[in-house]
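Asker: Let me see the structure of the following:
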Amino acid sequence: MPEGSSSGLFENLPEQVPIERPVAAPRLRKAERRRVSLRPVSLEDPLPADHRARFVWAFAERLDLSALYGATKAVEGRPGHPPADPRVLLALRLYATVEGVGSARELDRLCREHIGFEWLCGGVGMNHTTLAEFRVAHGAVLERLLVDSFAAMLKTGHASLGRVAQDGMRVRAAAGAASFRPQASLERCRAEAAAEIVRLRAELDADPGAVSRRQAAARLRAAADRERRVAAALAVAGQLAATRQGDRRPQSEDPPRSGDGPVGEAAAKPPPEPRVSTTDAQARVMKMPDGGFRPASNLGFASDPRSGMVAAVTLDNTGSDKGRLRPMSERLAAVYGVRPGGHLADGGFAELADIEALAAAGVAVFAPVPKPRDAARDPHAPRDGDGPGVAAWRQRMGSEAAKAVYKERAAAAECVNAQCRNRGLLRFFVRGIEKARTVGLWHALAHNMTRTGRLLAT
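Answerer: Purely as a prediction, here's the structure:
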């Protein structure tokens, strides 16, 4: 056979038959979840020492909650089921706000499944009803806690009231656009709601066993709630109609000028009939940052450019920022006993009457001067009819020093707005101005909590 040839080399070997082996199940370590395991583990062990929940609790421990404890009805020596510790509820809500959790049901779930929330509970049972009610029930207490948190940093020198930056943000209201109705439609809705209550009561009287007592009570509550909300919307519609009628002045007393809008027949056109939401009577349609118009509320913050902390919170249902400078300055003076020497705001807040009033009180306003229609006119030159405060404001904003001061506004005010957006404040899920303002106070207090930690760490 030639070298390198392999043909016929294995021809005479017997064919190999594969050996059949018995098939056996694989041996695995499987999960046995019903096995009882006793482990001596406390809530302290799994939570890291630098966890954010510990920082939230340390902040909550230093807050004065005597008003909440004083309102507790269950006391020693008297009967009654003890409620959850208000400090635990406060810490849970602050931690949830920082984590962007607003839903009470979601927070209830996290209290059972998330180690940070479970640690804050410390074995205290929670339910979504208690968490939801606590969120909106203590607006006055939250406002005092916000003031205390800022005043504490004033005493340590980390914060200052030399200047404040004021800004607002539009937050979507808990009302749909289709829920806004004119007065005639609201009257029909109220009649329908009243008829539904009568029908449900007649159905229950005719056959008490048709539905369970709980279902019947729930239906009656829903119908009564709708009737109440429609009645509130009707009352607001009447007030708005009266206000708009009073604002209309005869054409002879306020003659139209060129450039002010339509003249003649169009100027005498009556104002549109007010429309009010049956879901939230205090909601108003506003122009949003994206240019669209939706039901919203105007949430305002006054913050310290030095520390970045929030000093005061306001909320209203007007779509304009004009006329908000003076009320905020007076509020700060009443709360902290000192009026800020400088007030920074964007052009939307530049109301001449407010600027004049603040100048008389010794407050310098730093806000952009609007561009005049005549491009050749110097916007920073005093105009005829300007008071001394407005004239000084125009001249001040033309200097480079004032422009440098105004740059501090964005670093403080826009940061607060951005943090609120990042924490889920895109829409209010509560109805009414007071409840919505309370939600804004939660975000402001959570913001001050995080800023306090950073300031004290430096």
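
Asker: can you give me the helices for the stretch 251-400 of the chain?
Answerer: Taking DSSP state H, counting those that start in this stretch, the helices of the stretch 251-400 of the chain run over residues 325-336, 352-360, 388-397, 400-406.

Asker: do you know which of those helices lies nearest Val313?
Answerer: helix 325-336 (9.6 Å; Cβ to Cβ). For every residue, glycine as well, the C-beta is placed using N, CA and C.

Asker: relative to helix 352-360, how tilted is that closest one?
Answerer: 40 degrees (axes from the mean of the first three to the mean of the last three Cα atoms, to 10 degrees).

Asker: How far off centre is helix 325-336?
Answerer: When C-alpha coordinates are averaged (Cα atoms, centre = their mean, to the nearest Å), helix 325-336 and its chain have centres 21 Å apart.

Asker: mean confidence for it?
Answerer: Average pLDDT, helix 325-336: 93.

Asker: Which strands and helices lie in contact with it?
Answerer: Identification of packing neighbours for helix 325-336 by 3 or more Cβ pairs under 8 Å, 6 or more residues apart in numbering; DSSP states H and E yields helix 139-156, strand 163-172, strand 293-303, strand 310-316, strand 342-344, helix 352-360.

Asker: got the helices of the stretch 251-400 of the chain as JSON lines, with distance to Phe301 and mean neighbour count columns?
Answerer: As requested, these are arranged in JSON lines below (distance: least, Cβ to Cβ, whole Å; neighbours: other Cβ atoms under 10 Å):
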{"stretch": "helix 325-336", "distance to Phe301": "9", "mean neighbour count": "18"}
{"stretch": "helix 352-360", "distance to Phe301": "17", "mean neighbour count": "19"}
{"stretch": "helix 388-397", "distance to Phe301": "22", "mean neighbour count": "18"}
{"stretch": "helix 400-406", "distance to Phe301": "17", "mean neighbour count": "13"}
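
Asker: Pipe these into JSON lines and attach distance to Ala177 per row.
Answerer: Below are the helices of the stretch 251-400 of the chain laid out as JSON lines (distance: least, Cβ to Cβ, whole Å):
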{"stretch": "helix 325-336", "distance to Ala177": "29"}
{"stretch": "helix 352-360", "distance to Ala177": "32"}
{"stretch": "helix 388-397", "distance to Ala177": "39"}
{"stretch": "helix 400-406", "distance to Ala177": "36"}
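
Asker: if we can go back for a sec, so which of the helices and strands packed on helix 325-336 gets nearest Cys121?
Answerer: Of all the helices and strands packed on helix 325-336, it is helix 139-156 that lies closest to Cys121, at 20.6 Å by Cβ to Cβ.

Asker: tell me which residues in that closest one are buried?
Answerer: Judged by neighbour count using 16 or more other Cβ atoms under 10 Å, the buried positions of helix 139-156 are Gly139, Val141, Leu142, Glu143, Arg144, Leu145, Leu146, Ser149, Phe150, Met153, Leu154.
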